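Q: Structure for this input, please:
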Amino acid sequence: MTQETAAVHEEPKELFSSQVPKTERKKQATIQELVESFKSTADDIGQISELSSEEKMLVGQFFSSLLKLMGPLAPSMVIDHLALPAELGDVVQAHIDPTGHLILEYADGHIELKNLIDEKNRDIMIAVIEDVMPKFKSLTSQQKRKIESRLKLLSGVTKEIQKSSEALSAALSSEK
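A: Sure, this is the predicted structure:
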């Protein structure tokens, strides 16, 4: 096949494209892409709204349960300052109370209180939760041992006091 024959068999690409000039097709595709992008953005915004509402509800439930759990066990729990986000600065000591307040003590001596229920503090809340949750096992085990120790003491003392009280009652009733 010669070059002339090959050239005859090549079909011009422009003849098979639509009658719209290239620049106009590019603009149409770009407009369509923009419209699709905005539709996708609108969907994302709707989901963000739903997820934020669900997150707010779960945070409320979490701190309500934390209050019930921590109340009888401890007035506050120590948070490892290294577990906190670096943007908090030079924190030397941190504690969380059962109501969801984080008490931060800084190297310069000032103290700051952060309400972890606030949406702006959610990243801090997650760091605190990750540090605190493993500590609950230790806290509950410690409480269990404390109660078991009291029961052991009370059980032994109660048996002896019952014997003494029965002996005294028997002695008093025989004198009558």
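Q: Going by neighbour count, which residues in stretch 126-136 are buried?
A: When neighbours are counted by 16 or more other CB atoms under 10 Å, the buried residues of stretch 126-136 are found to be 127-128, 131-132. C-beta here means a position set from N, CA and C on the backbone, and glycine is covered the same way.
Q: In this protein, which residue is most central in space?
A: With the centre of the chain defined as its mean C-alpha position, the nearest residue by CA atoms, centre = their mean is residue 126, 3.6 Å away.
Q: does it belong to a helix or a strand, and which?
A: Residue 126 is part of helix 122-175, with elements assigned from DSSP states H and E.
Q: tell me what that helix is packed against?
A: Packing partners of helix 122-175 (3 or more CB pairs under 8 Å, 6 or more residues apart in numbering; DSSP states H and E): helix 22-73, strand 77-79, strand 91-96.
Q: for the second one, packing partners?
A: Read that as strand 77-79. Under the contact criterion of 3+ CB pairs under 8 Å, 6+ apart, the helices and strands touching strand 77-79 comprise strand 91-96, helix 122-175.
Q: that older thread, the helix holding residue 126 to strand 91-96, inter-axis angle?
A: With axes from the mean of the first three to the mean of the last three CA atoms, to 10 degrees as the criterion, the two stretches helix 122-175 and strand 91-96 enclose an angle of 60 degrees.
Q: ok, back up a step: looking at the helices and strands packed on strand 77-79, spot the one closest to residue 52.
A: With CB to CB as the measure, helix 122-175 is the member of those nearest residue 52 (9.9 Å).
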